[in-house]
Structure formats: structure tokens, C-alpha cells
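# structure here, sequence nowhere to be found:
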């Protein structure tokens, strides 16, 4: 018996997941691109514009990253390659509460597989840690 009511639901697939990911990326990416071009036009410095545009993605990454199996310190990657990281985070956010990527080592004790064979490979994070494997 699942200990989380989310396990009885159906993961998003195909078009619904893709549209949701595009919407999430758009909410993060378009304002960042706008700021990038405004600063670039005002100062003439491309890299200054890029850094100014990356402020929003860098600001939301510490909040979103733990929800999609990234660490808060991955904000450093976001500062360098924010379009890529925003895309990865958006595609993972679109599937939540289910996950189709491997859990981090600190998430393994709380991970639960989806019981329906049709959705094999999907799992979710439970609030209750598993008694197995035992803590060291």
C-alpha cells in the first residue's frame, strides 16, 4: 500500500509535459533575455548584458533546484549556462510530482517507485523515509 496519495495518479506525458516545460522556461527565460538585451544596448557590453540577464535564473535556482534533484550550489552552473539549466529544471518541473531521473544519494531513502506497470521507471519522493537500507 502506498504511503503517499500521489502514487495513485498518472504522470504527465508527451504534449502536456512539453507545453508545461515551455511555459516554465518562458517564465524564467524571456525576462532574462529582455534584461540581457536592454543592458547590452545601454552599455554596449555583451557579457555585462549576459550577467545582468542571468540574475533572474540565478535567483530562482536555489528555490527550484532541490525539487528536481539538484543542489543549491548548482546555482554556480546556472550563472554560466542559465539557458541550459533553465531548460533542464523546466523539463523536470513539468513532470513533478513524479520523476524519471535517478535520485540523489540523499533522496534514496525517501524514493518510491510507481506501482502501476504502465508507468514503470517513474518514482516520487515520500515524506516518510524507508527503514531499508538501514542508516550507517
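Nice, thanks for sending it over. Keep in mind the model is a prediction, meaning the values are calculated, not measured. Residues are numbered from 1 along each chain as shown.

# report the buried residues of the lengthiest helix in the chain.
The residue-count maximum for a helix in the chain (DSSP state H) belongs to helix 14-43. By neighbour count with 16 or more other Cβ atoms under 10 Å, helix 14-43 contains the buried residues 20, 21, 24, 25, 28, 29, 32, 35, 36, 39, 40. C-betas here are computed from N, CA, C, even on glycine.

# also stretch 96-114?
For stretch 96-114, by 16+ other Cβ under 10 Å, it's 98, 99, 107, 109, 111, 112, 114.

# just the ones in helices from those residues, please.
Per DSSP H, the buried residues of stretch 96-114 never map to helices.

# and those, which is closest to residue 54?
residue 99 (26.3 Å; Cβ to Cβ).

# give the contact list for the spatially most central residue of the chain.
Nearest to the geometric centre of the chain sits residue 89, at 2.9 Å (Cα atoms, centre = their mean). Each residue near residue 89 by Cβ atoms under 8 Å, 6 or more residues apart in numbering is listed here: 24, 28, 61, 64, 65, 68, 70.

# list the buried residues of the host helix or strand of it.
When elements are assigned from DSSP states H and E, residue 89 belongs to helix 82-95. For helix 82-95, the neighbour count (16+ other Cβ under 10 Å) marks 82, 85, 86, 87, 88, 89, 90, 91, 92, 93, 94, 95 as buried.

# now, among these, which is nearest to residue 48?
Closest approach to residue 48 among the buried residues of helix 82-95 (Cβ to Cβ): residue 82, at 15.0 Å.

# my read is that that closest one contacts residue 52, right?
No: Residue 82 lies out of contact with residue 52 (Cβ atoms under 8 Å); the separation is 11.6 Å.

# how is the chain divided into domains?
Per the record, the chain has its domains at 12-96, 103-128, by automatic domain parsing.

# among the ones you listed, which gets the worst mean confidence?
Among the domains of the chain, domain 103-128 carries the lowest mean pLDDT, a mean of 74.

# nice, that's everything, thank you.
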